[in-house]
Each structure stands twice: as structure tokens, then as C-alpha cells.
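my questions are about this predicted structure, shown below with the sequence.
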Number of protein chains: 2
Amino acid sequence: MSTRKFCLAILSNGEATGYEIRKAAQEGQYSHFIEAGYGSIYPSLAKMEQEGLVVFREETSVGKPSRKIYSMTPAGRSAFVQELKETPVEDLFRSPFLLLALNSQWVGSDFISKEIDRREEHLEQKIEGMRHQLELCCNPASAWTLEYGITTLSASLSYLKTNRSKLEQIAGECHAPVLAAE
Amino acid sequence: MSTRKFCLAILSNGEATGYEIRKAAQEGQYSHFIEAGYGSIYPSLAKMEQEGLVVFREETSVGKPSRKIYSMTPAGRSAFVQELKETPVEDLFRSPFLLLALNSQWVGSDFISKEIDRREEHLEQKIEGMRHQLELCCNPASAWTLEYGITTLSASLSYLKTNRSKLEQIAGECHAPVLAAE
DNA sequence: GCTATATATATCCAGATGATATATATCGGG
DNA sequence: CCCGATATATATCATCTGGATATATATAGC
């Protein structure tokens, strides 16, 4: 139950709405290793509210959409620490790109080139974003985590730049002509 | 629909049972960037069979559990290539470990040390396994993909070894005494 | 001979995913 | 000044996934 843990992590730094929690999953430091949408956050908050791990106050300003501002209870805080101390599950890595790489013989070198371009660009943007966050950040744990990310993504990017020609060659000597004839 | 793509990838190298496809997701080269259990593989195969992308012949030896040996149809092969050519979705990376790192202030340095040990060991084993697969492998695309994995995991391991003391220190100056007093 | 493991298929429920609906505020351009 | 785009905010829905479990037999080791 990872969404739970993530929501509690956000709330451990202060109160937040469901909307803000999702934004953290999309933009903040957490976004580099967390995936969570409304469909998991709202049900998770509702359940934790029932269990007494979080409470909310409703802010119904005139006209504005009403906000449910959640905060952690003491029970929530100890549940958070307990969940952190549960031996963390292994990292999950799923890569449609590597599935493509491993089967690049079927798609032709032009397509592979284009995809590698896209991926290099994407990695550069992510690294740049992390460098930016690192400059702004004051928390040492955040800095450690960001540097971890920068290091691994840089290694990934560097491998790609150095070895892309090999993969393009593999895709070049491929079955594409056969497929084109179909 | 990534399970579909993965099943087709396995079947593109020859026929296989659902059981064997799952083993490929757990042990083979694919295991490093694919997640798929029975609960997604069997329904996926059944659906693709209905759609005419795969066919199976049933092997009912005396006594033995019956095997459904699946293979790809021409329609399946072109569906596979088409799915490969769909701009691949971004890689998915989810890390309970980094969630812990970012919140290490709450768990104490002993716990963090133990978790880093576990992680270093795990990374070493994975890298060793990939090196082994690389020696056995003859397919150049497999070699490329395995080297990609070895490179990134090595960078990850190296960062961890160099910087673990920083994180342990952060967890040392932490709120753990407060929590211990609760 | 017995137990543990490997082979093999299948299903179940809880939870996640991604899309979509609803509503209002705000901000910039025409 | 109004229109459309974007941002804030909550919520739900169908579908898919994940992890566990049930069932059954063969094999290998003790």
C-alpha cells in the first residue's frame, strides 16, 4: 500500500488537500519515484480518515470549490513511521523503451533513432529539472535523493549517447524489409 | 496494455505456455524491466486468442497437467510490431527506498544502515546476475540491453557506497528519540 | 516412501490506472 | 470587457493489475 505511505509522507510536512498531494506526485521531489493519481489518492485519504490516521477540516469559502484540508493525527504519524520501517518493497522499474530495444530488429533503424532522440531529450530535461530543484532545496535528505536521481539518470544518458549507434545498427540489419513487403 | 506487448514479445521467439511466459517475466532478460503475474498473463492470452493474435494447441499427456502451448499468428506479429511502434510510454520507476531515504529523519540511523546494506547486496546480486546472462548471451540486442542495466545499476550502487554515510548522518540527527519516548 | 519443489492452469478480491464529469476562479489577449 | 485557457478542487467509473490462493501431477532428493 504505497499510496497510503506517500500521502502520509506529504502530510508529515504539514496539512494538504488531495489536489495538492497529487501535485506533489506530479511535480515535486516525490514525482521522480512516485506514481499516484486521483483515483488512488482520494480513496486512500477517505479510508485513512475512517481509520483515524488523518482528519480534515472543510473550508467552504463563498463560491470557491470547497477544500478538504487534511492533516495527520498522532496515530497517523506512528502509522507512517511503522510503514516506513516495514522492510521497503523492492523498487519497481518498468521500461517500454527497453522492451523496444530488445526487439528493435522488428522496427527499423529510423524508428529506433527517433525514439533514442526522444529519450535523450527527455532524460536531459529530467536531469536539468532535478539540478534546478537541488539548487532551491535546503533539506539534506532531499539533496541526497536528488543527487541519487541525477547520478543514475546521467549514467543512463551517457550510456545511451555512447552506445546508440550499436542499437541503430542492429535495427538496420533487421527484418523490416520483410515486414514492409507485407 | 503492456502485458500484451510482453506476451507477444516472448511469442515472437517461438511458442510458449502461460507458465513459461511468466517465468520469462521473473527470470530471463525481460525480468529486469517487466512485471507480470498470472493474473495479467492468462487473461491477456485468452483475450488475444479471441482476437486471433495467438492460437494454442492443447497437449493433454496422460496424467500430466494439460498445457496450452501458444503461438503467434501473422495478425499477432503485425499487432506486435504495431504496438512496438506506438510511441512507447515513459519508463515507470517507483522506489519505496527513496521514499524512505527522503524521510529517513523519522526512522533512525541503525535502520537506515541496515536498509542500505540490504540494498547494496541486492544491487550487487542483480549486477552479477546480469553479467552472467551477458556471458551466455549471443543476441546483440540482448547484450545491449543487459549492458544498459549493468551500467545504471552500477552507477546506483556506486552512489550508494560513496554517499551512504551522509544519509546515515541525517538519520542520526533525527526525531527518533522523540518517537522512542512515545 | 515421503516431502519439497517444479510444472501448469485458473480465479478472486483489493487496489491502481486513466479518463471523465463537475464547478469555480483567475489571468491574459483581443 | 468578455472569451477561452488554465488552475484549483473533488469525485467516480470501467477496466486492468497484483498477489494470493486453489488444484493437480511429476520429479528429485532425503
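Yes, it's here.

so what touches stretch A:73-81?
Stretch A:73-81 is contacted from outside by A:5, A:8-9, A:11-12, A:48, A:51-55, A:72, B:103, B:106-107, B:179, B:182, using Cβ atoms under 8 Å, 6 or more residues apart in numbering or on different chains. C-beta here means a position set from N, CA and C on the backbone, and glycine is covered the same way.

rerun that using 7 Å as the cut-off
Applying Cβ atoms under 7 Å, 6 or more residues apart in numbering or on different chains, the set of residues contacting stretch A:73-81 from outside is A:8-9, A:11-12, A:48, A:52-55, B:106-107, B:179, B:182.

next, the buried residues of it.
A:73, A:76-77, A:79-81 (16 or more other Cβ atoms under 10 Å in any protein chain shown).

what about A:Ser71, which helix or strand?
Secondary-structure assignment from DSSP states H and E places A:Ser71 in strand A:67-72.

same check, this time on A:Thr87
Counting by DSSP H and E, A:Thr87 is part of no helix or strand.

A:Pro140 versus that one, what's the distance?
In this view, A:Thr87 and A:Pro140 are 24 Å apart by Cβ to Cβ, to the nearest Å.

can you tell me which of the contacts of stretch A:73-81 are buried?
Counted by 16+ other Cβ under 10 Å, the contacts of stretch A:73-81 give A:8-9, A:11-12, A:48, A:53-54, B:106-107 as buried.

now the residues you listed in CSV, with secondary structure?
Output for the buried ones among the contacts of stretch A:73-81, formatted as CSV (DSSP: H, G, I helix; E, B strand; the rest coil):
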residue, secondary structure
A:Leu8, helix
A:Ala9, helix
A:Leu11, helix
A:Ser12, coil
A:Met48, helix
A:Leu53, coil
A:Val54, strand
B:Trp106, helix
B:Val107, coil
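
wait, which of these is closest to B:Gly28?
A:Ala9 (34.5 Å; Cβ to Cβ).

angle of the helix or strand containing A:Val81 against strand A:67-72?
A:Val81 is located in helix A:74-85, with elements delineated by DSSP H and E. Taking axes from the mean of the first three to the mean of the last three Cα atoms, to 10 degrees, one finds that helix A:74-85 is oriented at 70 degrees with respect to strand A:67-72.

rewinding a little: which one of the contacts of stretch A:73-81 is nearest DNA strand C?
Nearest to DNA strand C among those: A:Met48, at 11.0 Å, using Cβ to the nearest atom of the strand.

what's the spacing between the closest residue to that closest one other than its chain neighbours and chain B?
Closest residue to A:Met48 apart from its sequence neighbours, by Cβ to Cβ, 6 or more residues apart in numbering or on different chains: A:Val54 at 4.7 Å. Separation of A:Val54 from chain B (Cβ to the nearest Cβ, to the nearest Å) stands at 16 Å.

try A:Lys161
With Cβ to the nearest Cβ as the criterion, A:Lys161 and chain B are 12 Å apart.

pretty sure that residue sits in a helix.
Yes - A:Lys161 forms part of a helix when assessed by three-state DSSP.

for it, give me the pLDDT.
Per-residue confidence at A:Lys161 stands at 97 (pLDDT).

distance between the host helix or strand of A:Ala25 and the chain's centre?
In this assignment (DSSP H and E), A:Ala25 forms part of helix A:18-26. With Cα atoms, centre = their mean, to the nearest Å as the basis, helix A:18-26 stands 12 Å off its chain's centre.

list the contacts of it.
With contact meaning Cβ under 7 Å, 6+ apart, helix A:18-26 is reached by A:6-7, A:10, A:30-31, A:34-38, A:41-42, A:45, A:68.

spell out the residue ranges of the strands in chain A.
Under the criterion DSSP state E, chain A contains strands at A:54-59, A:67-72, A:92-94.

how about a markdown table for those strands, with mean pLDDT and distance to A:Met130 added?
Converted to a markdown table, the strands of chain A look like this (pLDDT from 0 to 100; distance: least, Cβ to Cβ, whole Å):
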| stretch | mean pLDDT | distance to A:Met130 |
| --- | --- | --- |
| strand A:54-59 | 85 | 30 |
| strand A:67-72 | 90 | 28 |
| strand A:92-94 | 91 | 18 |
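
reformat those as TSV; add distance to A:Thr152.
Shown next, in TSV, are the strands of chain A (distance: least, Cβ to Cβ, whole Å):
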stretch	distance to A:Thr152
strand A:54-59	33
strand A:67-72	31
strand A:92-94	11
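
please identify which of these is closest to DNA strand D.
strand A:67-72 (3.7 Å).

CA atoms only for that closest one, dumped as CSV, please.
The C-alpha coordinates for strand A:67-72 follow below in CSV (Å, rounded to 0.1, in the frame of the first residue of the first chain):
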residue,chain,number,x,y,z
ARG,A,67,-11.5,22.3,0.1
LYS,A,68,-10.9,19.3,2.4
ILE,A,69,-7.7,20.2,4.2
TYR,A,70,-6.2,17.0,5.6
SER,A,71,-3.7,16.7,8.5
MET,A,72,-2.1,13.9,10.3
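
that concludes my questions; thank you for your assistance.
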